[in-house]
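# quick one: sequence plus predicted model below, questions after.
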Amino acid sequence: MSFKYERLDKTKAVLLVVDHQEGLFQMCRDQGAVAAKSNILAHSELAKVFDLPVVLTSSAETGPNGPLPSEITSLHKDAPFIKRNGEVNAWDNADFRAAVEATGKKQVILAGITTDVCTAFLALSLREAGYTVFANSDASGTFDLKTGVEANQRMRDAGVHILSLFAVACELMRDWRNTPGAKEMLPFFDKYLPEYGFLARAHDAAVESGVPSGL
């Protein structure tokens, strides 16, 4: 069977923030609250690092779903922000569709709450419309692990790429010598992926004043 690897391309991608609302955040039960908040904010900030066009959307934010966090809206003040009043699937909203289409991009990076509804419904609609879709699994959340696994499998069956935040970032970067590269990405990872941040810090310490282990 032949296989063509379509990699994320920072010149071809748009990033969507889907219903990352303060009320809905309480439904992210398949990861810890600290990790969920960090991953959601990292998803949004990734667009700034790679200068990606962004479309924001919320669902009935004047009710219990609540608004998008101010950290996200202040970061993307000039991005289209589609406030849906009824449509569960964002693609059913004509203004949202127009905003995505206006970017001219055919690769879509998205994440939302919940994984099985806000992320999956939109991802499936985008696939049907001819887009290549990359779902950031770390920045999506739902009621429990079982529901998240089933939602991700449903998307995979439709050809959606399910990636971690680290994978999305590295595929956009491709080479540490690029721009954005190590200079831009290491502070990002230090902020949002401390496991990698401390790896870099340990390397710096070893270079500056470390003693070889002798291994």
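Thanks, I have it. Because the structure is a prediction, the values reported are computed rather than measured. Numbers count the residues shown, from 1 in each chain.
# give me the contact list for the worst-scoring helix or strand of the chain on mean pLDDT.
Ranked by mean pLDDT, DSSP states H and E, the weakest helix or strand in the chain is helix 194-209, scoring a mean of 82. Helix 194-209 is contacted by residues 166, 186, 189-191 when judged by CB atoms under 8 Å, 6 or more residues apart in numbering. (C-beta placed from N, C-alpha, C; glycine too.)
# quick one: average pLDDT of whichever strand or helix holds residue 99?
Using DSSP states H and E, residue 99 sits within helix 94-102. Mean per-residue pLDDT for helix 94-102: 98.
# now do the helices in the protein.
33-50, 70-75, 94-102, 120-128, 145-157, 165-173, 182-192, 194-209 (DSSP state H).
# dump those helices to JSON lines, plus distance to residue 7 and mean neighbour count.
JSON lines is the format used below for the helices of the chain (distance: least, CB to CB, whole Å; neighbours: other CB atoms under 10 Å):
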{"stretch": "helix 33-50", "distance to residue 7": "14", "mean neighbour count": "19"}
{"stretch": "helix 70-75", "distance to residue 7": "26", "mean neighbour count": "14"}
{"stretch": "helix 94-102", "distance to residue 7": "21", "mean neighbour count": "16"}
{"stretch": "helix 120-128", "distance to residue 7": "18", "mean neighbour count": "21"}
{"stretch": "helix 145-157", "distance to residue 7": "17", "mean neighbour count": "16"}
{"stretch": "helix 165-173", "distance to residue 7": "6", "mean neighbour count": "20"}
{"stretch": "helix 182-192", "distance to residue 7": "17", "mean neighbour count": "17"}
{"stretch": "helix 194-209", "distance to residue 7": "20", "mean neighbour count": "12"}
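# can I get those helices in a markdown table including distance to residue 19?
Shown next, in a markdown table, are the helices of the chain (distance: least, CB to CB, whole Å):
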| stretch | distance to residue 19 |
| --- | --- |
| helix 33-50 | 11 |
| helix 70-75 | 11 |
| helix 94-102 | 11 |
| helix 120-128 | 9 |
| helix 145-157 | 14 |
| helix 165-173 | 18 |
| helix 182-192 | 20 |
| helix 194-209 | 26 |
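# relative to residue 110, which of the ones you listed is closest?
helix 120-128 (6.4 Å; CB to CB).
# mind saving the C-alpha coords of the closest one as PDB?
Output of helix 120-128 as PDB, limited to C-alpha atoms (Å, rounded to 0.1, in the frame of the first residue of the first chain):
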ATOM      1  CA  ALA A 120     -14.900  15.900  16.300                       C
ATOM      2  CA  PHE A 121     -17.900  17.400  14.600                       C
ATOM      3  CA  LEU A 122     -15.900  20.200  13.100                       C
ATOM      4  CA  ALA A 123     -13.000  18.000  12.200                       C
ATOM      5  CA  LEU A 124     -15.300  15.600  10.300                       C
ATOM      6  CA  SER A 125     -17.000  18.500   8.500                       C
ATOM      7  CA  LEU A 126     -13.600  19.900   7.500                       C
ATOM      8  CA  ARG A 127     -12.500  16.600   6.100                       C
ATOM      9  CA  GLU A 128     -15.700  16.400   4.100                       C
END
